[in-house]
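Novice: got a structure for you, letters missing:
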């Protein structure tokens, strides 16, 4: 699938990789393939006369290997049925959610809930899979001081797939910075970031103005589209709509 993912589902029955079916998903990213496999395994168990009742969901998603025990015909039927659903499933809100395509600026704007290093890496890997050689800018708002403190080294390494990064002030949520004894901050994260060019801009409004300026300055020099992704679990979700409004207003003024 263009910009998405194609994969073959196999069963390990008798130690052999027996093809069960082909799945096409419009969603990029290995994490979405793993999610889809969990759905397929659950569907196979449900089709097998309710064997899902005996599986404790508290153990986590049923492993696809369990499907091999229900017989290849039922497993293939599950893959066939669910493949029809998965090929049109566009994902959920705030998970690599496409907000706008602005042709005048050759710019896609996305929003994502990623606030853990593993999620950040997964989202940027998905963006790179979909857009390949496009320029990717990430605007990241760390969520809670304790999480930034605990995973600081991982956050430093998490943005390798981005070309540019803006780090805003931490969204404290239930925490106050004074409650923690830590030298880590959004500003220190921006300084420590390895790979992409990174800048610290504390307020969302600062980030919006910087992005508007950068887009206006770069539009004539770019052939590939530019992808902007806001990332975090706080009010960073406001950035996309504010940026879109500012850019659309500028377009109307020039018409």
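Specialist: Structure's in. What do you need? Please read these numbers as outputs of a predicted model, since none were measured by experiment.
Novice: So which residues of the stretch 151-255 of the chain form helices?
Specialist: 152-157, 186-192, 204-218, 239-254 (DSSP state H, counting those that start in this stretch).
Novice: Just give me how far the first one sits from the chain centre.
Specialist: Going by C-alpha atoms, centre = their mean, to the nearest Å, the spacing between the C-alpha centre of helix 152-157 and its chain's C-alpha centre is 17 Å.
Novice: who's in contact with that helix?
Specialist: Here helix 152-157 makes contact (C-beta atoms under 8 Å, 6 or more residues apart in numbering) with 117-118, 120, 142, 148, 184, 189, 192-194. Backbone N, C-alpha and C define where each C-beta goes, glycine included.
Novice: between those residues, which is nearest residue 37?
Specialist: Of all the contacts of helix 152-157, residue 118 has the smallest distance to residue 37: 17.8 Å, by C-beta to C-beta.
Novice: who's in contact with the closest one?
Specialist: Taking C-beta under 8 Å, 6+ apart as the criterion, residue 118 is in contact with 154, 158.
Novice: host element of it?
Specialist: helix 117-131 (DSSP states H and E).
Novice: Now find how far off-centre that helix is within its chain.
Specialist: Here helix 117-131 shows a centroid-to-chain-centroid distance of 5 Å under the convention C-alpha atoms, centre = their mean.
Novice: go on, stretch 244-255?
Specialist: Using C-alpha atoms, centre = their mean, the distance from the centre of stretch 244-255 to the centre of the chain it belongs to is 28 Å.
Novice: hang on, the earlier thing: just the buried members of the contacts of helix 152-157?
Specialist: 117, 120, 142, 148, 184, 189, 193 (16 or more other C-beta atoms under 10 Å).
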